[in-house]
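>>> just need the structure, nothing else, for what follows:
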Amino acid sequence: MRTKNSFSINKDHNKKFLIDALRQTTERLNDENVEYQWGHMGQCNAGHLIQTITGMSSFEIVKSVDFQLDEWSEHATDYCSKTGCKVDDIFLSIEKHGMTHEDIVKLENLSDRKILDNLDGGFRHLERNNRMDVIEYMNSFANL
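Here you go, the predicted structure:
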């Protein structure tokens, strides 16, 4: 039987895991030797966070979607937890740690208003394919 406290503890654990994953991802993205390509499913905004959360490499991520190099927003739109597709495992892992497929779309586009409002210096628009903007966005997300 689950008590209210056990759910709360699990939720707190998931939140801490996600915050740690966001911070680890920004540390990796700060390394100029780490490849960042917005148009590459394993090396884009969501791809880098997914690497951290799942432990998968960039190649393994692309392989898991059968080398269909669609945007994460397209996979998130098509996502259904019951299809048995390999990409579903990625989304299930993400959801387990407190993110929804809508969060992935917003991460890809750097478009969550709460996160943008929380940026150092206040709200501003960020470029979705700019490594430094991705780092700022993930740091703001972790600081919420």
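>>> for the rest of this, base every contact and every neighbour count on C-alpha atoms.
OK.
>>> from N130, how far out is A21?
Distance, A21 to N130, using C-alpha to C-alpha, to the nearest Å: 20 Å.
>>> looking at those two, which has the bigger crowd around it?
A21 (22 against 15; other C-alpha atoms under 10 Å).
>>> where's that one relative to R124, distance?
For A21, the distance to R124 (C-alpha to C-alpha) stands at 24 Å.
>>> could you do E60 as well?
The gap separating E60 from R124 is 34 Å, by C-alpha to C-alpha.
>>> and those two? which has more neighbours close in?
The neighbour comparison of E60 against R124 (other C-alpha under 10 Å) goes to E60, with 14 against 11.
>>> return the residues in contact with the nearest residue to the more buried one once chain neighbours are set aside.
Once flanking residues are discounted, E60 sits nearest to G42: 7.9 Å by C-alpha to C-alpha, 6 or more residues apart in numbering. The contact partners of G42, taken as C-alpha atoms under 8 Å, 6 or more residues apart in numbering, are 48, 50-51, 57-62.
>>> again, but for L18
Here L18 is in contact with 53, 97-98, 142 (C-alpha under 8 Å, 6+ apart).
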